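Participant: How does the following fold in three dimensions:
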Amino acid sequence: MRARPFDRFAVIVVLASMAVAWPVLELLGNNAEFYLARSAPKVDVVAVGVVLAIILPLGLAMLGLLPGRIGMVVTLGLVTILGASLAFLFLRRLEWPEWLTIGLSVVGGGSLAWAFRRYEGARMVFRYLSPVPLLMLGLYLFASPSGGLVLDSGAAPGAAAQPTHPLPLVMIVFDEFPGASLVDAEGNLRADHFPNFARLAADGTWFPNAVTVMDHTEYSIPAMLTGVTPKLSQTPYAGQYPNSLFTLLADSHQMDVQETTTELCPYSVCTNRIPPPPAGNRAEALFHDISVISGHALLPKFLTEDLPQISGSWGNFGAASADYNAIAEFNEARKTDVRLKLETLADHIAGDQDTSKPAFHFAHALVPHHPWQILPDGRKYPLAQEAAPGSKGTGWGPDAWLTAQAMQRHYLQAQYADAALGKVLDALEDSGIYDDTMIIALADHGIAVYPNVPHQRRITQDTVGEIAFIPLFVKAPGHEGGIIDHRRALTVDLVPTVADVMGFDLPYEVEGTSLFGPAADRPETTTVGNDSSATYVGDEAPKLAVARRLARWFPTGDPWELRPPGAPDLTGQQVTALATDQTNFYFLLDQPQWYEQVDLADMIPARITGKLIGAGSEEKVLGVAVNGVIGSMTRTFLDGDETEFQALLPPDLYRRGENEVELVWVHDGEVDQVPRR
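Facilitator: Predicted structure coming up:
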């Protein structure tokens, strides 16, 4: 019996749903932060489900209804492709060589097409499965965290408190900021490189033994704003967290809230939310981000190399076969200036003239979170690619030099975070309210950057020092400044600390205790992640071990002092005074047009990358110069068969207009210039 039109329609609908629509819907459904990060209205959540679960499969299935032989040929072709895609999704869980997985998947897709054409039983199975799109839409809308955003009618906000001392409150949450980045090998705050954190410490209390109770933003921020450790099943929006600092201070404070990957401030409290963009703009952004996510989730790795990187951000799109992260804010960060939240916070403080109520200024800032491309003075440098050399999937490869260069970029962006904090402190002082304001500055979690770490954002016993330990500074009127408190401080301690300072009782039970009360007995602590956790003792040893490792690369904490082991420091010297000969190999500069017209205003190509041609695979120590002056020492690394290099150069070496990039090879006590092609 030949396949009828409905048979052709049904097989395409079912396979398109299972091989394309459902994997993406499962990722989006399990990560409501995708929608929270963009403040997407409910209609967007529903529209994504309808397009992926219904319109996409039905649109492809219509091709199977083409008349005659054409329809059958198209159907068999789609069955082969979609069947192979479905087989690939299952087979790659086995982690076989990719060529073998692809080959077996193609064989599976072809076999399915053959069975569909030959056997009535195969066609009957797909006829019975034809309602699958409706089932998938139902699961997405009624049985996933994202669907919960649609169904949630909005829980009533928790009771507001009645502070006896309603002080102005500024709370800044930095992102992906290890506490070890601020200290030297002995644990002392590097005041010379982070003067504004030191300034805050001098006027308040620094808690160098502070840790986060959760390792992902979507849980760590709710913990600090509620005083309660979240459940992994909770989604970070107000409907699931009716009690928070926002609701506690709803009556006593005016709200200036800038959230990023959460939506914990209820609409009834934060009435000045920025409305979502027009539907057309939202649809364009959704299409772009979902297409990138789909590519990473569905395609073999060799086909995703040119896609924007979406790994290593905040969410864990819980597919067992791969660790793909696709929180929308990561993609938004590529299109939106991550400096704006801190700059806006300072502007809001400077422009705040309402004296009827004190303000609660809250900002979750996407710094120093990667991609690292911000200099300490706030200028940015462009990136030829977002993935840092040396990164490997969600972790790092074996090259210690490349991870040191990654930390250099992190340090520079962390120094920008310090400068931005300084602008906020200046705005408070200029407004005359600095002394009377309670200030809390901390991070949601850290990041692990060292060789052979499997996952740079997952808490394990090996990554406690990098991920669990965070900066925490609290300045409170009426409390002495310049205090270093070594108690084990937790992020759940912040709400009871605010309650203690402002004088109110909490209307719900919290887990933390006030950081200005007696120190809680915490001989050991556990930090929890999506799929792992780590328990450790209550001292700072893990953080100090990280600081000592970093001090080997950055002895004084200055990011610009980095150079390869054993390499001479030629920075600041003229190429013409050093080079005695030319090499027989040459270099190619990535993005040479970046150096032809530099404006020096906001974007400056301080990071130089390129390739050596004809130099062989042996590592080479190089000096990189701009306008005749060597600004950085580096060494080559292999990327496949290519010998590459990267270096960061101080921005003061650049000039407006055209800039010349030069390279020298340092070897056997000699310096040879590398010609450029």
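
Participant: Settle this for me: residue 202 is touching residue 480, isn't it.
Facilitator: No: using Cβ atoms under 8 Å, residue 202 is not in contact with residue 480; the gap is 10.9 Å. Backbone N, C-alpha and C define where each C-beta goes, glycine included.

Participant: More neighbours: these two, which one.
Facilitator: Comparing residue 202 with residue 480 by neighbour count (other Cβ atoms under 10 Å), the higher total belongs to residue 202, at 14 against 9.

Participant: Need the three-state assignment for that one.
Facilitator: Counting by DSSP: H, G, I helix; E, B strand; the rest coil, the backbone at residue 202 sits in helix.

Participant: Residue 144 and residue 53, how far apart?
Facilitator: For residue 144, the distance to residue 53 equals 12 Å [Cβ to Cβ, to the nearest Å].

Participant: Show me the helices in the stretch 101-250 of the chain, by range?
Facilitator: Along the stretch 101-250 of the chain, counting by DSSP state H, counting those that start in this stretch, helices occupy 120-128, 132-142, 145-151, 195-203, 217-226, 245-248.

Participant: quick one: which of these is nearest residue 98?
Facilitator: Closest of these to residue 98 is helix 132-142, at 27.4 Å (criterion: Cβ to Cβ).

Participant: Please compute how far that closest one lies from its chain's middle.
Facilitator: 30 Å (Cα atoms, centre = their mean, to the nearest Å).

Participant: Would you mark the buried spots in it?
Facilitator: By neighbour count with 16 or more other Cβ atoms under 10 Å, helix 132-142 contains the buried residues 132, 133, 136, 137, 139, 140, 141.

Participant: Tell me which two of those sit farthest apart.
Facilitator: Greatest spatial distance in the buried residues of helix 132-142: 132 and 141, 14.9 Å, computed using Cβ to Cβ.

Participant: how about the helices of the stretch 351-500 of the chain, start to end?
Facilitator: Counting by DSSP H, counting those that start in this stretch, the stretch 351-500 of the chain forms helices over residues 400-430, 494-502, given from the N-terminal end onward.

Participant: And those: which comes nearest residue 594?
Facilitator: The closest approach between residue 594 and any of the helices of the stretch 351-500 of the chain, judged by Cβ to Cβ, belongs to helix 400-430 at 16.9 Å.

Participant: Now do that closest one against helix 195-203, angle only.
Facilitator: Between the direction of helix 400-430 and that of helix 195-203, the angle (axes from the mean of the first three to the mean of the last three Cα atoms, to 10 degrees) works out to 60 degrees.

Participant: Report the contact partners of residue 442.
Facilitator: 172, 173, 174, 210, 224, 470, 471, 472, 473, 491, 494 (Cβ atoms under 8 Å, 6 or more residues apart in numbering).

Participant: Restricted to strands, list these.
Facilitator: Where the contacts of residue 442 overlap with strands, as defined by DSSP state E, the overlap consists of 172, 173, 174, 472, 473.

Participant: Just the buried ones among those, please.
Facilitator: The buried subset of these (16+ other Cβ under 10 Å) comprises 172, 173, 174, 472, 473.

Participant: Low-confidence bits of the stretch 51-200 of the chain, can you list those?
Facilitator: Applying pLDDT under 70 to the stretch 51-200 of the chain picks out residues 153-155.

Participant: can you do 50?
Facilitator: Counting by pLDDT under 50, the stretch 51-200 of the chain contains no low-confidence residues.

Participant: Could you do the chain as well?
Facilitator: Counting by pLDDT under 50, the ranges of the chain that qualify are 311-335.

Participant: Count the neighbours of the nearest residue to residue 400 once chain neighbours are set aside for me.
Facilitator: With Cβ to Cβ, 6 or more residues apart in numbering as the measure, residue 451 is the residue that lies nearest to residue 400, at 4.9 Å, once sequence neighbours are left out. One way to gauge burial is a neighbour count; for residue 451, by other Cβ under 10 Å, it gives 16.

Participant: I figured residue 451 hits residue 396, correct?
Facilitator: Yes: because the distance of 6.0 Å satisfies Cβ under 8 Å, residue 451 is recorded as touching residue 396.

Participant: Mind listing the shared neighbours of the two?
Facilitator: residue 403.

Participant: Which one of residue 144 and residue 53 is surrounded by more residues?
Facilitator: Neighbours of residue 144 and residue 53, each counted by other Cβ under 10 Å, are more numerous for residue 53; the result is 26 against 21.
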